[in-house]
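Enquirer: Structure for this input, please:
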Amino acid sequence: MRARARWPRCSANITGNTKNIIGAPVTTIRVLVTGIGSSNALTIFKSLDTQSTTKFFVIGTDIFPEHLSVGAHFCDQHFEVPYAANPSFSETILKICRENEVDVLIPVLDEEFIPISD
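Expert: Prediction:
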């Protein structure tokens with residue numbers, strides 16, 4: 001795994017710490033964000049990165065390989081997945097969630113909502 005990119009203006013960068021900036025324990029939550037090449041996903045990454053009481057391990061999925069997905073740089077881990085219209089999409093997402101012990105799934109693209117909800 002590699003270190004993910006950080007937003008330059010975030011003052012509460014807690015990666016690697018066990019306490020936040022006020023000395024409270026830091027909780028780690030494993031989050032899966034889909035459609036990480038979209039601008040909406042970048043907004044989610046920025047929001048996650050500004051939290052001071054919670055540490056997030058961010059897993060991202062996209063239809064493009066890591067080197068072509070802008071959002072992959074803000075993830076701790078990246079997976080290439082099929083299009084949402086592909087019948088194997090929801091099973092692929094579910095498999096990633098199970099194998100990586102994901103706590104929270106954030107679908108970003110409208111096209112992904114129905115397959116994920118089924």
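Enquirer: Quick check: mean pLDDT of the strand ranked longest in the chain?
Expert: Longest strand of the chain, by residue count under DSSP state E: strand 54-62. Mean per-residue pLDDT for strand 54-62: 93.
Enquirer: where does that strand sit relative to the chain's centre, distance-wise?
Expert: Put simply, strand 54-62 sits 3 Å off its chain's centre (C-alpha atoms, centre = their mean, to the nearest Å).
Enquirer: For that strand, name the packing helices and strands.
Expert: Other helices and strands packing on strand 54-62, by 3 or more C-beta pairs under 8 Å, 6 or more residues apart in numbering; DSSP states H and E, are strand 27-33, helix 39-49, strand 77-80, helix 89-99. To be clear about C-beta, it is placed using only N, CA and C from the backbone, and glycine gets the same treatment.
Enquirer: Now do the buried residues in the helix or strand that comes right after the last one.
Expert: To tie it back to what came earlier, the one meant is helix 89-99. Following helix 89-99 in sequence order, the next helix or strand is strand 104-106 (DSSP states H and E). Residues of strand 104-106 classed as buried: 105-106 (neighbour count, 16 or more other C-beta atoms under 10 Å).
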